[in-house]
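>>> model this:
(chains A and B)
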Amino acid sequence: MSGKLLTPEEAIRRTLFDGARVMVGGFGLVGCPLTVVRALNESPVKDLTVISNNLPDPGVYLGRTLLLGKVRHAIGTYFTTNPDVGRAHVAGQLEVTLLPQGTFSEAIRAGGAGLGGFYTPTGVGTLLAEGKEVREIDGRSYLLERPLTADVALVRARRADALGNLVYEKTARNFNPIMATAARTVVAEVDEVVETGALDPEQIVTPHLFVDHLVIARERL
Amino acid sequence: MRDRVARRAARLLRPGWVVNLGIGIPTLMARHLDPDAIHLQSENGLLGVGPPPSAAEADPNLIDASKRLVTRRRGSSFFDSATSFAMLRGGHVDAAVLGALQVDERGRVANWAVPGEPVLGVGGAMDILAGVRTVIIAMTHVTGEGAPKLVPRCTLPITSVRPADWLVTELATFRHGGSGLRLVEIDEGSSLAEVRARTAAAFEVDPEAGLREEGLP
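Residues are numbered from 1 along each chain as shown, chains lettered A, B, ... in the order given. Next comes the predicted model:
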């Protein structure tokens, strides 16, 4: 069996701490590591900065993390579908940083790739350009965007091998592979762990060096 | 009425194109497209979006960017979000059809922030406007209260400084070129007088606008 395998409770206890920056995969709940997020909600950790496309769904999973008061700062692209985010933000209990989805994705990619940032045409001349350096390159204007990194990434994959190589499931892939590159410690929730060598190397999306811990999913969509 | 907008916008797409459909009226367009001719890209990581599944086909891990269950076409592919936005921002997607709250004389689009509410969602709209080759706005001509959505200058926060290329409503189709908005088609149930009455923005009129039934220049 894999030396990386932990229970969800152990995975949270070993990796998360008060004030941590944590990336959580998923586009809504699709590709969100439900079992690990539930363990996070049952743990005492607080004051988290959560880097996730949104905080899904109202009242459950990351939406519940928010209601439990564990989230100090949310960084993502689309919080409109969870009205609790607006309420917490208006009440001054939640800092929100909004990024265009392509900028958010690329910032995570840049963070994982060791880059200091990147110039993107997205957002030039809009409210989301405020405070950002504008640079003209070959006649076109770009914004300087900084990389995103985290202490911990909680990701969801379909299957791992014992070494921690990952393959994904349809549109549940979304932000997970890039988040797996951008955090110091990575916990991957999977449906099953197969023996090393059982995954086709041509199909592996996340090589094992990015993955620290594996958790078997107890709940799924 | 929304379906009429969707049908008219669908006529602007060319066989072989890769197209991203936004939230709102654009989601109604799929049924007006030839699935063998148009490849739908969804920014959550799927190229080759198929129609909604039967109960037996439904897979909770197979959704589009509106979070609706979908199927996939033959030859489809899955990819991560950074790759998806490399496609969109990098100019590899032929067209996007987006909804809008306002469009102005410069072709600028406002479709992400609503006045008086905290701004908490932007999604992929800014990246799509920044990079997709042809941007088509599909929207109702006026708001629910009857206020023109085609205005001299957007009063809502703009999504991009890049102008939309086409604007389609239930009354008319406009092209945005270097010299501003140009009315190129009037719906057979409408008239130039009605379009003028319900539009706050200035626009030129193509001499053939009222005559054109099918196809666009």
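>>> So for stretch A:22-41, first residue to last residue, what's the gap.
13 Å (C-alpha to C-alpha, to the nearest Å).
>>> for stretch B:97-113, that is, sorry about that
With C-alpha to C-alpha as the measure, stretch B:97-113 spans 18 Å from end to end.
>>> residues touching A:K132, list them.
Contacts for A:K132 (C-beta atoms under 8 Å, 6 or more residues apart in numbering or on different chains) come out as A:G123, A:L143, A:L144, A:E145. The way it works is simple: take the backbone N, C-alpha and C, and place the C-beta from them, glycine included.
>>> so how many other residues sit close to the nearest residue to the third one once chain neighbours are set aside?
What that stands for is A:L144. Once flanking residues are discounted, A:L144 sits nearest to A:E133: 4.1 Å by C-beta to C-beta, 6 or more residues apart in numbering or on different chains. Neighbours of A:E133 under the rule other C-beta atoms under 10 Å in any protein chain shown: 11.
>>> so B:T27 sits in a helix?
Yes - B:T27: assigned to a helix according to DSSP: H, G, I helix; E, B strand; the rest coil.
>>> That one contacts B:S66, correct?
Yes - judged on C-beta atoms under 8 Å, B:T27 makes contact with B:S66 at a distance of 5.7 Å.
>>> List the contacts of the residue of chain A positioned farthest from its centre.
The C-alpha centroid of chain A is most remote from A:G139, which lies 34.5 Å away (C-alpha atoms, centre = their mean). Contacts for A:G139 (C-beta under 8 Å, 6+ apart) come out as none.
>>> For residue 57, which non-adjacent residue is closest in space?
No chain was given, so I picked chain A. What sits nearest to A:D57 in space, not counting adjacent residues and going by C-beta to C-beta, 6+ apart, is A:G63, at 5.2 Å.
>>> Sorry, I should have been clearer: chain B.
The shortest distance from B:E57 to any non-neighbouring residue, by C-beta to C-beta, 6+ apart, is to B:T71 (5.9 Å).
>>> again, but for A:R64
Using C-beta to C-beta, 6+ apart and skipping residues adjacent in sequence, the residue nearest A:R64 is A:N41, 5.3 Å away.
>>> Would you mind giving the secondary structure of that neighbour?
A:N41 - assigned by three-state DSSP - is helix.
>>> What pLDDT is listed against it?
Looking at A:N41, its pLDDT reads 98.
>>> Now for it, how many residues are close by?
19.
>>> One more: the one 4 residues further on?
Counted with other C-beta under 10 Å, the burial measure for A:V45 works out to 19 neighbours.
>>> mind checking how far the residue of chain B positioned farthest from its centre is from chain A?
Using C-alpha atoms, centre = their mean, the residue of chain B lying farthest from its centre is B:A56. It sits 31.1 Å away. In this view, B:A56 and chain A are 17 Å apart by C-beta to the nearest C-beta, to the nearest Å.
>>> That residue: which element?
Using DSSP states H and E, B:A56 maps to neither a helix nor a strand.
>>> Also A:R184?
Following DSSP H and E, one finds A:R184 within strand A:183-190.
>>> Could you check the helix or strand just after that strand and say which residues are buried?
Once the chain leaves strand A:183-190, the next helix or strand it forms, by DSSP H and E, is strand A:192-194. For strand A:192-194, burial by neighbour count (16 or more other C-beta atoms under 10 Å in any protein chain shown) applies to A:V193.
>>> Kindly report the same for stretch B:135-155.
For stretch B:135-155, the neighbour count (16+ other C-beta under 10 Å) marks B:V135, B:I136, B:I137, B:A138, B:M139, B:T140, B:H141, B:V142, B:K149, B:L150, B:V151, B:C154 as buried.
>>> in chain B, which residue is closest to the centre?
When C-alpha atoms, centre = their mean is applied to chain B, the residue found nearest the centroid is B:V97 (2.2 Å).
>>> Not including adjacent chain positions, what is the nearest residue to that residue?
The shortest distance from B:V97 to any non-neighbouring residue, by C-beta to C-beta, 6+ apart, is to B:P26 (4.1 Å).
>>> Same question for B:D80.
Spatial nearest neighbour of B:D80, chain neighbours left out: A:P177 (4.5 Å); criterion: C-beta to C-beta, 6+ apart.
>>> Over to the one you found. Which of the three states is it?
What three-state DSSP gives for A:P177 is helix.
>>> The residue nearest to B:V97 touches B:A6, doesn't it?
Yes - counting by C-beta under 8 Å, B:P26 does reach B:A6; the two are 7.2 Å apart.
>>> Within reach of chain A, which of the buried residues of stretch B:135-155 are there?
With C-beta under 8 Å from any C-beta of the partner chain as the criterion, the buried residues of stretch B:135-155 include none near chain A.
>>> Could you identify the most distant pair in those residues?
B:V135 and B:V142 (21.1 Å; C-beta to C-beta).
>>> And the strands in chain A, which stretches?
With DSSP state E as the criterion, chain A has strands at A:21-24, A:48-51, A:71-76, A:95-98, A:118-120, A:134-137, A:140-145, A:150-156, A:159-161, A:166-167, A:183-190, A:192-194, A:213-216.
>>> mind listing the strands for chain B?
Under DSSP E, chain B gives strands at B:18-21, B:39-42, B:46-50, B:71-78, B:95-98, B:102-104, B:109-110, B:134-138, B:150-151, B:166-168, B:172-177, B:180-186, B:204-205.
>>> and those strands as TSV, adding mean pLDDT?
What follows is the strands of chain B, written out as TSV (pLDDT from 0 to 100):
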stretch	mean pLDDT
strand B:18-21	98
strand B:39-42	98
strand B:46-50	97
strand B:71-78	97
strand B:95-98	98
strand B:102-104	97
strand B:109-110	98
strand B:134-138	98
strand B:150-151	98
strand B:166-168	98
strand B:172-177	94
strand B:180-186	95
strand B:204-205	95
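>>> Which one of these lies nearest to B:L88?
Among the strands of chain B, the nearest to B:L88 by C-beta to C-beta is strand B:18-21 (6.5 Å).
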